[in-house]
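Novice: using only what follows, build the 3D model:
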Amino acid sequence: MASIGFVGLGNMGGPMARNLLKAGHQVKAFDLSAAATDAAGKAGAGVAASAGEAAKGVEAVVSMLPAGQHVRQVYTGKDGVLDSAGAGTLLIDCSTIDVDSARAVAAAAKAKGLAMLDAPVSGGTVGAEAATLTFMVGGEEAAFARAEPILKCMGKTVVHAGAAGAGQAAKICNNMILGISMIAVGEAFVLAEKLGLDKQKLFDIAAKSSGQCWSLTTYCPVPGPVPTSPANRDYRPGFTADMMVKDLRLAQQAAQGAGLGTPLGAAAASLYGLFCAAGNGALDFSGIIKMIRGKG
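Specialist: Residues are numbered from 1 along each chain as shown. Model prediction:
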């Protein structure tokens, strides 16, 4: 079992750290929230006073942070992870951030002689709790081989996507598909309602036809057809609309940097932005059907 520093104990990071503990790893945890750090301590983790301290004397560091600027600060800031980690420490950032930040921090780690991976996740808080996350990993093959056993304690699927930044690229491309498809599914169900077509009948047909997709069969945005979907619990989130708009904007930022137009991605980012601006950011992203109905 490994000794692991864990930085960032929010809705995703907290349960991920607990799953490492359940797997028998030693965890030294830090979060800016004293309550989150205390909760990790009660679950069996050692408590660190800073991100740098969490990186001292461990075999690996895992981080789950809100945005690129936080990752840059935690890793490259004074007395941060790169200043504190010992030789041979493996660095794994599971945050969803911009590709440029992921590559910049990986390059800074390499300059210090440290291997770093970007390993953003899919699966939301439900997957974090159940240890069924999907990890999309960017970085060197040797570092991936070291990280895979650690990541498998927190997730069900671990995929090496390529070089540094490839994990982030995979995440934002995947979530652009997800955001667009959820809007399409929502529009179809609202149109069906207006045309007098029963929602279960539409689901039964589309789920076995060319309209089939994850947003329909696993996360259907209307109550009933998929009992486990957030639509059946007033859109309490597995993955919030705020997080979706963040990822869609990251995709747009990357597309602009690559000189590529993604009109459907841009439209999805705009629609989710409007939905969140109306006070719905804490709802599950599938709740955008409320806005499609004219009620959000």
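Novice: and residue 188, how far from residue 75?
Specialist: Separation of residue 188 from residue 75 (C-beta to C-beta, to the nearest Å) stands at 43 Å. Any C-beta I mention is one placed from the backbone N, CA and C, and that applies to glycine too.
Novice: so those two - more neighbours on which side?
Specialist: Under the criterion of other C-beta atoms under 10 Å, the comparison of residue 188 against residue 75 puts residue 75 first, with 30 against 17.
Novice: does residue 75 touch residue 104 like I think?
Specialist: No. In this structure residue 75 lies outside contact range of residue 104 using C-beta atoms under 8 Å: 9.5 Å.
Novice: show me what contacts the residue nearest to residue 212 when sequence neighbours are not counted?
Specialist: Closest residue in space to residue 212, ignoring its immediate chain neighbours: residue 206 at 6.4 Å, by C-beta to C-beta, 6 or more residues apart in numbering. Contact analysis of residue 206 by C-beta atoms under 8 Å, 6 or more residues apart in numbering lists 188, 212, 216.
Novice: what's the neighbour count on the second one?
Specialist: As a burial measure, the neighbour count of residue 212 was computed by other C-beta under 10 Å and equals 12.
Novice: if I look at it, how far off is residue 188?
Specialist: Taking C-beta to C-beta, one finds residue 212 at 12 Å from residue 188.
Novice: any chance of the contacts of residue 206 in CSV, plus distance to residue 149 and secondary structure?
Specialist: Output for the contacts of residue 206, formatted as CSV (distance: C-beta to C-beta, whole Å; DSSP: H, G, I helix; E, B strand; the rest coil):
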residue, distance to residue 149, secondary structure
188, 42, helix
212, 34, coil
216, 35, helix
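Novice: nearest to residue 80, of those residues?
Specialist: residue 216 (43.3 Å; C-beta to C-beta).
Novice: strands of the stretch 151-296 of the chain, residue ranges please.
Specialist: Assigned by DSSP state E, counting those that start in this stretch, the strands in the stretch 151-296 of the chain fall at 155-162.
Novice: just the helices in it please.
Specialist: Ranges of helices in the stretch 151-296 of the chain, per DSSP state H, counting those that start in this stretch, are 166-194, 199-206, 214-217, 241-257, 263-275, 289-292.
Novice: including distance to residue 37, could these go into a markdown table?
Specialist: Shown next, in a markdown table, are the helices of the stretch 151-296 of the chain (distance: least, C-beta to C-beta, whole Å):
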| stretch | distance to residue 37 |
| --- | --- |
| helix 166-194 | 26 |
| helix 199-206 | 44 |
| helix 214-217 | 35 |
| helix 241-257 | 22 |
| helix 263-275 | 32 |
| helix 289-292 | 36 |
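Novice: which one of these lies nearest to residue 3?
Specialist: Comparing the helices of the stretch 151-296 of the chain by C-beta to C-beta, helix 166-194 comes nearest, at 23.6 Å.
Novice: give me the mean pLDDT for that closest one.
Specialist: Mean pLDDT, computed over helix 166-194, is 97.
Novice: what's the angle from it to strand 155-162?
Specialist: 120 degrees (axes from the mean of the first three to the mean of the last three C-alpha atoms, to 10 degrees).
Novice: check the separation of the first and last residues in stretch 106-123.
Specialist: Counting by C-alpha to C-alpha, to the nearest Å, you get 24 Å between the two ends of stretch 106-123.
Novice: and the helix or strand bottoming out on mean pLDDT in the chain, which residues are buried?
Specialist: Sorting the helices and strands of the chain by mean pLDDT, DSSP states H and E puts helix 124-130 at the bottom, at a mean of 91. By 16 or more other C-beta atoms under 10 Å, the buried positions in helix 124-130 come out as 124, 125, 127, 128, 129.
Novice: what sits against the last one?
Specialist: Neighbour list for residue 129: residue 15 [criterion: C-beta under 8 Å, 6+ apart].
Novice: average pLDDT for stretch 79-89, rounded please.
Specialist: Mean predicted lDDT for stretch 79-89 stands at 97.
Novice: low pLDDT regions in this structure?
Specialist: Counting by pLDDT under 70, the ranges of the chain that qualify are 296.
Novice: okay, and the beta partners of residue 157?
Specialist: Note on residue 157: beta-bridge partners residue 134, judged by DSSP bridges.
Novice: residue 122 too?
Specialist: Under the criterion used (DSSP bridges), residue 122 bridges to residue 134.
Novice: tally of neighbours for it?
Specialist: 18.
Novice: my guess is it contacts residue 172. True?
Specialist: No. Contact between residue 122 and residue 172 fails when scored by C-beta under 8 Å: they sit 11.1 Å apart.
Novice: what's the spacing between residue 25 and residue 47?
Specialist: 16 Å.
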